[in-house]
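1. build me a model:
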Amino acid sequence: MERTQEISGFRIIETKLEQKGWQKMPFILTLLSAGSMTYGVHAMFCPEVSYLPMLLMVFLTCVFVTVISRSARRILAGVSGFVLVALVVAFVTTPYWEAGALNVANRILMRYNYVTGLAIDYYEVPECPNHMLAVTLFVCYFIALLTCYLGLVIARKHPLILAFAWIPVIGGSLFFQMPIQGFAIVCAVVSVVGTFAYSQMELDRDGIYAVATVVLGVLIAVAGGMYFRWIQYSPSQSVAELQEYMIQKREEAQYGKADSPQGDLEKEMNVSEDVRLKVSMSQPVRLYLKGYTGSVWKNGVWEALESTSYSDEYEGMIKGYMQERFHPLSQMNSYVEAAAYVDGAATEGAQMQATVQNVGAFRKYTYLPYGISFESLQELRESNQDIYVPGTTSERREENVYSAVLWHGEADYFLGYEGAAWLNRKRDVNEATGQYRIAEADYRNFVHKYYCGVEDSYVAEAEKLQTSANVTLDMTQLGEMTNRIRENVKKSGEAATDWWAEDYASKAVLLYRGLGIPARYVEGYLADGTDAEQGEDRYYRVEVQAKDAHAWVEIYKDGVGWIPVDVTPGFYEEFKGTEQQSLAQHQALRQQQREQAMQQLITQEAEDEDVLKNVLRVLAWIGIGLFGLLVLGILVLVVRRQWILRRKRAGLESEELWVRLEMSVSILQEVFSYMKWEESRLAEPVKDILNVYWYSSNAKERVGEENVQEVQKYMVGVQEELLEQASKFESLRMKYWEVIL
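-> Numbers count the residues shown, from 1 in each chain. Next up, the predicted model:
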């Protein structure tokens, strides 16, 4: 027996609904859309989580949506039950759900911090029996809700809403520079176009469209697999330049302009005499004030560690250390304090105080001196990474100043220091030494895992240095190897003739890593107070200028922590176990660099203009592309309208009476469905004719020419009434999108 379904007041007979059971097209499109979106989320934020439970959740939710989407009543009941079950499951698994949600939020923040270079604080994740299971459960909750939403959008034939749902996935893949961006765009086009085709197709052709969609999906999967297997992916240079330009401009608006190149060796240091920092110190020493830190060397640029470096077993690493009064940025001071309890491990140096006020420097960082105490670090903004302490967007000077207690020793002192052997003892002297030993041992594993990788060419060059020094490198021989590295980079700089501090530091980092010594690249300012005069308050004051921006190396000495090593000629003396400064060389080199910079200023400005032109060119092409898409969309709508009108006109002008009646009824159904009119609104003569058309077994014999003309006349009158009542925008929609006028 044929069943009826009510659509906006009209009852239509679905002759094949009982035989078909369910429609294939919405199921296939939902599976394709939700599956590809799930793959995008998986690749961007949780690649270590198994993809199979997510895919199973997508499939089960697709089946569920297909079953409930046959009527509005089923949708209401099904969605209500779905939400209720989700809430019950979330309540029962509250510890997992909460930990999973915060873990996923932290993963997104990690990726964002990695791309932008920011250090936004992460959420504190509560204790959970299994964090990986928590992440998997939460992602599956999210995927189920997403699939349910997409399934209802597709089943109710809303391609425009589906297109908007794809924007975050495509935008995220482009912003986070993920290789899936091309795959996401292709899948988005297929799902949106497929949904549009489904909204226009006839019911009995559902199988043909479903087969076509499956074939197209298989072709995309095969092509994508071949692309990622045999073609090395590299992010679009234009997109990367545009992203870099936008991030730079946003940071300049937030924090001001940086004097150092921020890890990009194509850029140069600022050598102006504008005052950036005002530093006062209780002893006349040289302070290296740390700002930008580069960890990964890629195509001439130092970048931060991948966001995933701080996940898994290192999730919440810094917060855990803080409970043990340990932080990598204050580790040197913590070691000095702990070593003071151990016989034979005392260090040479003294505690001092320093105040740093940012009056014009890049405000993204809080410029920290080495040896800062844990207590002083705690008074600053919270840092959940081992790189730097975030600054502030405020330009108010009272918010850009801090005072700190720090330990200061002779330059290169720790290169020859041999007192860290106490960390290998089985017994701790006291609680303080025990806390430091345990935290340092854990952090040392992290450092050696992420700060030792380097290209084979630098490994070979580093091994030659080690052979020429005739030593078997260990931590007591850092001084000798540092001399060799300094000599090596000095010769390289002399051969290149145009090296600056960042070039010397970059090569030195790679050589240290080639020797298996953890190292990273650092930019900041050098506050030289050795020739400062003491004020009435017994403090020495230094005005740090833009030209004092500098770059150096941090190496990690096991047990002690990160220590600064200057490798730029003129800023150090050969290591002899004591600090020997050469102010004349220092000043001469600064003067030479200033002269070179002034000569290159015009060239640099021209290069900046070229970069801006390239960025504007990219923006222009994007604008042209968007305009082209708009024109193409309009053209598609016009062509589609003409095709639909031609089909309708052919039906209305057919010589066969029954074909004309069917087309007239179909158009009336479209109008009533769009306007959400009830069947009772039909004119009585037309309603009588339609009742015969719907229910009479001999309708073809009872309906004549006059009846068909009556229906067609009524149909034209309804269309004219709509056109008179509708606004210009509404009439355009009815003409070109709905095509009912």
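2. list the buried residues for stretch 674-692?
-> By neighbour count on 16 or more other CB atoms under 10 Å, the buried set for stretch 674-692 is 675, 677, 682, 686, 689, 690. All C-beta spots, glycine's among them, are computed from the backbone N, C-alpha and C.
3. specify which member of those is nearest to residue 316.
-> Closest to residue 316 out of the buried residues of stretch 674-692 is residue 675 (57.3 Å), distances taken as CB to CB.
4. reformat the buried residues of stretch 674-692 into JSON lines and put secondary structure, pLDDT and distance to residue 369 next to each item.
-> Shown next, in JSON lines, are the buried residues of stretch 674-692 (DSSP: H, G, I helix; E, B strand; the rest coil; pLDDT from 0 to 100; distance: CB to CB, whole Å):
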{"residue": "675", "secondary structure": "helix", "pLDDT": "80", "distance to residue 369": "73"}
{"residue": "677", "secondary structure": "coil", "pLDDT": "79", "distance to residue 369": "77"}
{"residue": "682", "secondary structure": "coil", "pLDDT": "83", "distance to residue 369": "85"}
{"residue": "686", "secondary structure": "helix", "pLDDT": "83", "distance to residue 369": "88"}
{"residue": "689", "secondary structure": "helix", "pLDDT": "82", "distance to residue 369": "92"}
{"residue": "690", "secondary structure": "helix", "pLDDT": "82", "distance to residue 369": "87"}
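5. pull the most distant pair out of those residues.
-> The largest separation in the buried residues of stretch 674-692, counting by CB to CB, is between 675 and 689 at 20.2 Å.
6. list the buried residues of the host helix or strand of residue 449.
-> Assigned by DSSP states H and E, residue 449 falls within helix 431-450. Within helix 431-450, the residues that qualify as buried by neighbour count (16+ other CB under 10 Å) are 432-433, 435-437, 439-440, 442-444, 446-447, 450.
7. ok, residues contacting it?
-> Residues outside helix 431-450 that contact it (CB atoms under 8 Å, 6 or more residues apart in numbering): 295, 305, 309, 314, 317, 321, 324-326, 328, 331, 334-335, 337-338, 341-342, 386, 422-423, 428, 518, 556, 558-559, 561.
8. just the C-alphas of the helix or strand encompassing residue 667, formatted as PDB.
-> In this assignment (DSSP H and E), residue 667 forms part of helix 657-675. Extracted in PDB, the C-alpha atoms of helix 657-675 (Å, rounded to 0.1, in the frame of the first residue of the first chain):
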ATOM      1  CA  LEU A 657      -2.700  16.800 -21.000                       C
ATOM      2  CA  TRP A 658      -1.400  14.700 -18.000                       C
ATOM      3  CA  VAL A 659       2.200  16.000 -18.300                       C
ATOM      4  CA  ARG A 660       0.900  19.600 -18.200                       C
ATOM      5  CA  LEU A 661      -1.200  18.800 -15.100                       C
ATOM      6  CA  GLU A 662       1.800  17.100 -13.300                       C
ATOM      7  CA  MET A 663       4.100  20.100 -14.000                       C
ATOM      8  CA  SER A 664       1.400  22.600 -12.800                       C
ATOM      9  CA  VAL A 665       0.900  20.600  -9.600                       C
ATOM     10  CA  SER A 666       4.700  20.300  -9.000                       C
ATOM     11  CA  ILE A 667       5.100  24.100  -9.400                       C
ATOM     12  CA  LEU A 668       2.200  24.700  -7.000                       C
ATOM     13  CA  GLN A 669       3.800  22.400  -4.500                       C
ATOM     14  CA  GLU A 670       7.000  24.400  -4.700                       C
ATOM     15  CA  VAL A 671       5.200  27.600  -4.100                       C
ATOM     16  CA  PHE A 672       3.200  26.300  -1.200                       C
ATOM     17  CA  SER A 673       6.200  24.700   0.400                       C
ATOM     18  CA  TYR A 674       8.300  27.800   0.100                       C
ATOM     19  CA  MET A 675       5.500  30.100   1.600                       C
END
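9. how many other residues sit next to the closest residue to residue 718 other than its chain neighbours?
-> Of all residues not flanking residue 718 in the chain, residue 671 sits nearest, at 5.6 Å (CB to CB, 6 or more residues apart in numbering). Neighbour count for residue 671, taken as other CB atoms under 10 Å: 20.
10. now do the contacts for residue 671.
-> 677, 715, 718, 719, 722, 740.
11. ok so, going back, out of the buried residues of helix 431-450, which is nearest to residue 192?
-> For the buried residues of helix 431-450, the nearest to residue 192 is residue 450 (40.8 Å; CB to CB).
12. where along the protein do the strands fall?
-> 4-7, 10-13, 275-281, 286-294, 296-298, 301-303, 350-358, 368-369, 401-408, 519-528, 540-545, 549-557, 561-565 (DSSP state E).
13. using CSV, list the CA coordinates for stretch 447-457.
-> Extracted C-alpha coordinates of stretch 447-457, given in CSV (Å, rounded to 0.1, in the frame of the first residue of the first chain):
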residue,chain,number,x,y,z
VAL,A,447,65.9,18.9,26.7
HIS,A,448,67.9,16.0,25.1
LYS,A,449,64.8,14.9,23.2
TYR,A,450,64.0,18.2,21.6
TYR,A,451,67.1,20.3,21.5
CYS,A,452,69.7,18.0,20.0
GLY,A,453,68.5,17.3,16.5
VAL,A,454,70.6,18.7,13.6
GLU,A,455,71.5,18.0,10.0
ASP,A,456,74.2,15.5,9.2
SER,A,457,76.4,18.1,7.6
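14. for the spatially closest residue to residue 572 that is not a sequence neighbour, phi and psi?
-> Spatial nearest neighbour of residue 572, excluding adjacent residues (CB to CB, 6+ apart): residue 566 at 4.8 Å. For residue 566, the backbone dihedrals are phi -90, psi 130 (criterion: degrees, to the nearest 10).
15. what number of residues lie near residue 566?
-> 23.
16. what of residue 375?
-> Burial of residue 375 is recorded as 12 neighbouring residues (other CB under 10 Å).
17. and if you look at residue 245?
-> Neighbours around residue 245, by other CB under 10 Å: 17.
18. distance check, it against residue 364.
-> Computed as CB to CB, to the nearest Å, the residue 245 to residue 364 distance reads 17 Å.
19. now do residue 482
-> 30 Å.
20. the two: which is more packed in?
-> residue 482 (25 against 21).
21. ok, the more buried one to residue 295 distance?
-> Residue 482 is 20 Å from residue 295, by CB to CB.
22. just the buried residues of the contacts of helix 431-450.
-> Here, 16+ other CB under 10 Å leaves 295, 305, 309, 314, 317, 321, 324-326, 328, 331, 334-335, 337-338, 342, 386, 422-423, 428, 518, 556, 558-559, 561 buried among the contacts of helix 431-450.
23. where does the prediction get shaky in the stretch 501-650 of the chain?
-> 574-615, 618 (pLDDT under 70).
24. appreciated, that's everything.
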